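Peer 1: The following comprises the amino acid sequence and a computationally predicted model.
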Protein chains: 2
Amino acid sequence: MSDLTIALDIMGGDHGPPVILTAALKAIQLHSDFHFILCGQRQAIEPALAILTAQQRSRLTVIHCDEVVEMGDAPAHALRNKKSSSMRKAIELVEEGKADACVSAGNTGALLTLAYYILKTLPGIDRPALISVMPTTSHHKVFLLDLGANVNCTSEILFQYGVMGSVMASQVTGNASPRVALLNVGEEDIKGNAQVKYADQLFRNAKGLNYIGYVEGDDIFTDHADVVVTDGFTGNIALKSSEGLAKLVINEVKRQSQMNLMTRLMARIALPLLKTIYNRVNPDQYNGASLLGLRGIVIKSHGNASAEAFYYAICQAMQEAKMRIPEKIKSKIETVLLEQL
Amino acid sequence: MSDLTIALDIMGGDHGPPVILTAALKAIQLHSDFHFILCGQRQAIEPALAILTAQQRSRLTVIHCDEVVEMGDAPAHALRNKKSSSMRKAIELVEEGKADACVSAGNTGALLTLAYYILKTLPGIDRPALISVMPTTSHHKVFLLDLGANVNCTSEILFQYGVMGSVMASQVTGNASPRVALLNVGEEDIKGNAQVKYADQLFRNAKGLNYIGYVEGDDIFTDHADVVVTDGFTGNIALKSSEGLAKLVINEVKRQSQMNLMTRLMARIALPLLKTIYNRVNPDQYNGASLLGLRGIVIKSHGNASAEAFYYAICQAMQEAKMRIPEKIKSKIETVLLEQL
């Protein structure tokens, strides 16, 4: 029996509180070993709670927050002028030890800034990174980071990301020695920019990491590596461009299948097949990016997440809380840095 | 009647001369208004020419080259030690004015280095860029550059890439004012790294370009822009990661369709539909990246191109030779730079 607590920002996301609440209520109903704190406008939350049993209701706290971080708010504005926002409150609960993790589907820039400012990074970590699991050809999990938390990465930061990714992969998959790779434009030693080349040296000199060298963009979706490390600029564009191609495939299936009677019939018959493919590449399946490297757990859901997708993000927060990921990262980075002395 | 000449490196590519020769012979047979110079080992080439008519043979020159740039050769080694390679000869023919364009499926790094060294960049262009057309949701052409020629890009170089991409898009599609965008991690002004932010300023201050601001990774596959500009590191990874996802989809179709009798039947019936989707995302369809910004036309084919895919690359060389792309870029960059004075 766990007595862990998850704080949820009810106000974030493109679809507003109803979608987030649907996911939150599902989590409350299905996970009796967790407490939940719902941060947001009480009048938006309370009516939805009527469906809960008294026991479920007892595992739930509502904290009323006056303000909402809007999708268009500049991060600095959210930080300075919205001190009682639901997003900030959820993060503060983690910082105060009242919650073990928090989840938001709100403004990414604001979430990164608030989390970095309030929680601070772990010792030995300069900047946090967004990490997520990618779909692969073999149903094996590849963790890609950074997905956009930090667009300017030094070699040292790339190295720290490798350590964090290795901890995450090893905790989630149970693989004691996950293969860590650097994303590059070729596999040969001479390829790449200065940051990547020096990061490669740092990895080669480190002990306690299973570093396998460079991989290319297409290797993100194969089983060449378990952790793929890159800067937040490239990582974000790799993620978004592959999502773009996934959308292209999905649209093409729809378009082709409506071309004429014959293709409609073909598509109707092949529907389960097409649906499986759709599900494999649909970014919603992989919702919930973790912000790693902070002194607490913060999960970022896609802004346009459905209730189902937001529920995945909550599950991820629960999993990381159970695994105590920040403590594991702290311990691993200490070991790796000590080995270098 | 054109009297343009295309030089082909017969020795490059993963599959060796037979595949390249098949493509070359097809081009010779189908395009009677072009001359071809085949660079490579005479003994590998001559026997294949027997199928040509005397008229076809008269439009063809074979230049024997002793050496071959291997896929594993370091660019510096290819430059210094393989002075009579087929790749180098093809580029030298362009430099000497004996060919209007050249095509190679060989070692990318060596091709970029040799082309840069032998042909030099146009006035006003600091570095060449690899450009290619991407598949989109609406069958409209999006040109993405740089795909990996230059991993370290200043803002000025990104700006030059925008000018080059604009010329290419306008020549190929006939659109007099193609929309040029910068690839970034968000569409808001505050997003991005220093190079991208300053390049944005250069584009905003320039006249004679239809600059539309930032786009994100998924916009590469939509019709938001006609030209998407990024540095060679990010561009290569965007291209490769979307190719990786395309391969994932194709493999998933194959895997799912062999699961059981029912899915086999579904796949059989939906085969034409699946084939259309496959063709839309299959990187072979988009084979032939142009090296822009040089004083001559160089087309890089995928190393693992099939004869069909290499033939596309030859067609692209012929098209660019007809359009005299380098002259058009020279003229456009002069105009844009003069406007800035």
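Peer 2: Ah, there it is. Numbering: from 1, shown residues only, chains lettered A, B, ... in the order given.

Peer 1: CA atoms for contacts and neighbours, from now on please.
Peer 2: Fine.

Peer 1: Domain boundaries for chain A, per the record?
Peer 2: Following the assignment in automatic domain parsing, chain A carries domains at A:1-125+A:293-325+A:334-341, A:132-279.

Peer 1: Which stretches in the stretch 51-200 of chain A count as strands?
Peer 2: A:60-64, A:101-104, A:129-134, A:142-145, A:179-183 (DSSP state E, counting those that start in this stretch).

Peer 1: which residues of the stretch 151-300 of chain A score low on pLDDT?
Peer 2: For the stretch 151-300 of chain A, applying pLDDT under 70 flags the ranges A:257, A:266-267, A:269-286.

Peer 1: and residue A:97, how many neighbours?
Peer 2: Number of residues near residue A:97 (other CA atoms under 10 Å in any protein chain shown) recorded here: 11.

Peer 1: Tell me the backbone dihedrals of it, please.
Peer 2: The phi/psi pair for residue A:97 (degrees, to the nearest 10) reads phi 80, psi 10.

Peer 1: One more: residue A:52?
Peer 2: Here residue A:52 shows phi and psi, under degrees, to the nearest 10, equal to phi -80, psi 150.

Peer 1: Which of the domains of chain A sits closest to residue B:47?
Peer 2: domain A:132-279 (35.9 Å; CA to CA).

Peer 1: hang on, the earlier thing: CSV please, covering the domains of chain A and showing distance to residue B:117.
Peer 2: Rendered in CSV, the data for the domains of chain A read as follows (distance: least, CA to CA, whole Å):
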stretch, distance to residue B:117
domain A:1-125+A:293-325+A:334-341, 42
domain A:132-279, 18
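
Peer 1: Put the alpha carbons of stretch A:290-307 into PDB.
Peer 2: Provided in PDB are the C-alpha atoms of stretch A:290-307 (Å, rounded to 0.1, in the frame of the first residue of the first chain):
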ATOM      1  CA  SER A 290       9.000  13.900 -17.800                       C
ATOM      2  CA  LEU A 291      11.000  16.900 -16.800                       C
ATOM      3  CA  LEU A 292      14.200  15.200 -15.500                       C
ATOM      4  CA  GLY A 293      17.000  16.600 -13.500                       C
ATOM      5  CA  LEU A 294      14.900  18.600 -10.900                       C
ATOM      6  CA  ARG A 295      14.500  17.900  -7.200                       C
ATOM      7  CA  GLY A 296      10.900  16.700  -7.800                       C
ATOM      8  CA  ILE A 297       8.800  15.000 -10.500                       C
ATOM      9  CA  VAL A 298       7.000  17.100 -13.100                       C
ATOM     10  CA  ILE A 299       5.100  15.500 -16.000                       C
ATOM     11  CA  LYS A 300       4.200  17.600 -19.100                       C
ATOM     12  CA  SER A 301       1.200  16.300 -21.000                       C
ATOM     13  CA  HIS A 302       0.500  17.400 -24.600                       C
ATOM     14  CA  GLY A 303      -1.600  20.500 -24.500                       C
ATOM     15  CA  ASN A 304      -4.200  18.900 -26.800                       C
ATOM     16  CA  ALA A 305      -4.300  15.600 -24.900                       C
ATOM     17  CA  SER A 306      -7.600  13.800 -24.800                       C
ATOM     18  CA  ALA A 307      -8.800  12.500 -21.400                       C
END
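
Peer 1: before we move on, back to that, looking at the domains of chain A, which is closest to chain B?
Peer 2: domain A:132-279 (3.8 Å; CA to the nearest CA).

Peer 1: Quick check: residue A:138 touching residue A:223?
Peer 2: Yes - counting by CA atoms under 8 Å, residue A:223 is a contact partner of residue A:138 at 6.8 Å.

Peer 1: who has more neighbours, the two?
Peer 2: When residue A:138 and residue A:223 are compared on other CA under 10 Å, the one with more neighbours turns out to be residue A:223, at 16 against 12.

Peer 1: which secondary structure element contains that one?
Peer 2: Of the helices and strands defined by DSSP states H and E, none includes residue A:223.

Peer 1: Settle this for me: it is touching residue A:134, isn't it.
Peer 2: No - using CA under 8 Å, residue A:223 makes no contact with residue A:134, being 10.8 Å away.

Peer 1: which residues are in contact with both of these two?
Peer 2: By CA atoms under 8 Å, 6 or more residues apart in numbering or on different chains, residue A:223 and residue A:134 have these common neighbours: residue A:142.

Peer 1: all helices for the stretch 51-200 of chain A, in order.
Peer 2: A:54-58, A:75-81, A:86-95, A:108-119, A:155-173, A:194-205 (DSSP state H, counting those that start in this stretch).

Peer 1: among those, which is the most enclosed?
Peer 2: Most buried of the helices of the stretch 51-200 of chain A, by mean neighbour count (mean count of other CA atoms under 10 Å in any protein chain shown): helix A:86-95, with a mean of 25.

Peer 1: And it, what does it pack against?
Peer 2: Helices and strands touching helix A:86-95, by 3 or more CA pairs under 8 Å, 6 or more residues apart in numbering or on different chains; DSSP states H and E, are strand A:4-9, strand A:34-40, strand A:101-104, helix A:108-119.

Peer 1: need those in a markdown table with mean pLDDT and distance to residue B:95, can you?
Peer 2: Below are the helices and strands packed on helix A:86-95 laid out as a markdown table (pLDDT from 0 to 100; distance: least, CA to CA, whole Å):
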| stretch | mean pLDDT | distance to residue B:95 |
| --- | --- | --- |
| strand A:4-9 | 97 | 63 |
| strand A:34-40 | 96 | 68 |
| strand A:101-104 | 98 | 58 |
| helix A:108-119 | 95 | 50 |
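
Peer 1: Save these as a markdown table, and put in distance to chain B too.
Peer 2: A markdown table is the format used below for these (distance: least, CA to the nearest CA, whole Å):
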| stretch | distance to chain B |
| --- | --- |
| strand A:4-9 | 23 |
| strand A:34-40 | 26 |
| strand A:101-104 | 19 |
| helix A:108-119 | 9 |
